[in-house]
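**Q** Have a look at this prediction, sequence included:
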Amino acid sequence: DEARAAVEEALEAPIDKLFVNFGPPVAAASIAQVHKAQVRLPDGSLRPVAVKVLRPGIEQRFRQDLDSYLFAAKLIERFHAPSRRLRPIAIVDTLAKSVAIEMDLRMEAAAISEMEDNIKNDEGFRVPKVDWSRSARRVLTLEWIDGIPIADRDGLIAAGFDTKALGAHLMQSFLRHAMRDGFFHADLHPGNLFVDDQGRIV
């Protein structure tokens, strides 16, 4: 109920007008949770989507944590001269800026779109499409991805995929993104990677 209310507030519309259905959370992380939903396309067909919603009150909790970090950093700089060269206050300031970016899901959507544009001619790697009409600062709606988690080696082998080739392709893709584009997924752990039915890493 809280997630539904948060989506309605963020997108300024009743949830029934935004989605044909909106399910319970299917994944959760420290700042947000993901719900599976469906949208109706102009041709009348239904398309599944993933709806990422920031947790209620998460901004205030982070602000409290950052305030305590800043207090500690000021004490360290004031009373421990050798630590001043590490610039603890500047570190907390950098952390606060990165948290502010992470709390705005429009920034994540923009990064996804930029990466999608960068890799549009690459084979075997893709990112989900952003549904901009159903995304805002506290809500991000993406194409739903069906696939085998890349950590499920047995599942990949059972589906007929060459896991060594997938591993090599993943590393080559990451290096291509980093070296060619200077823009890469910085949290490329197995929980964020799937292999779709065409053998593409998503």
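**A** Now that the structure is in, tell me what you want to look at. Numbering: from 1, shown residues only.
**Q** Please name the nearest non-neighbouring residue to the residue nearest the centre of the chain.
**A** Geometric centre of the chain, nearest residue: Glu108, 6.3 Å, by Cα atoms, centre = their mean. Closest residue to Glu108 in three dimensions, ignoring its sequence neighbours and counting by Cβ to Cβ, 6 or more residues apart in numbering: Leu140, at 5.9 Å. (C-beta placed from N, C-alpha, C; glycine too.)
**Q** pLDDT on the host helix or strand of the residue nearest to the centre of the chain, on average?
**A** Using DSSP states H and E, Glu108 maps to helix 105-118. The average pLDDT for helix 105-118 rounds to 96.
**Q** how far out from the middle of the chain is the next helix or strand after that helix?
**A** Next in sequence after helix 105-118, counting helices and strands by DSSP H and E, comes strand 139-143. Here strand 139-143 is found 9 Å from its chain centre; the criterion is Cα atoms, centre = their mean, to the nearest Å.
**Q** strands paired with the following helix or strand past strand 139-143, and their directions?
**A** Using DSSP H and E, the helix or strand that follows strand 139-143 in sequence is strand 148-149. Applying DSSP bridges, strand 148-149 is found paired with strand 194-195 (antiparallel).
**Q** Quick one: mean pLDDT over the partner strand.
**A** 96.
**Q** Counting by contacts, list what the helix ranked longest in the chain packs against.
**A** Assignment by DSSP state H gives helix 58-79 as the longest helix of the chain. With contacts defined as 3 or more Cβ pairs under 8 Å, 6 or more residues apart in numbering; DSSP states H and E, helix 58-79 has these neighbours: helix 88-102.
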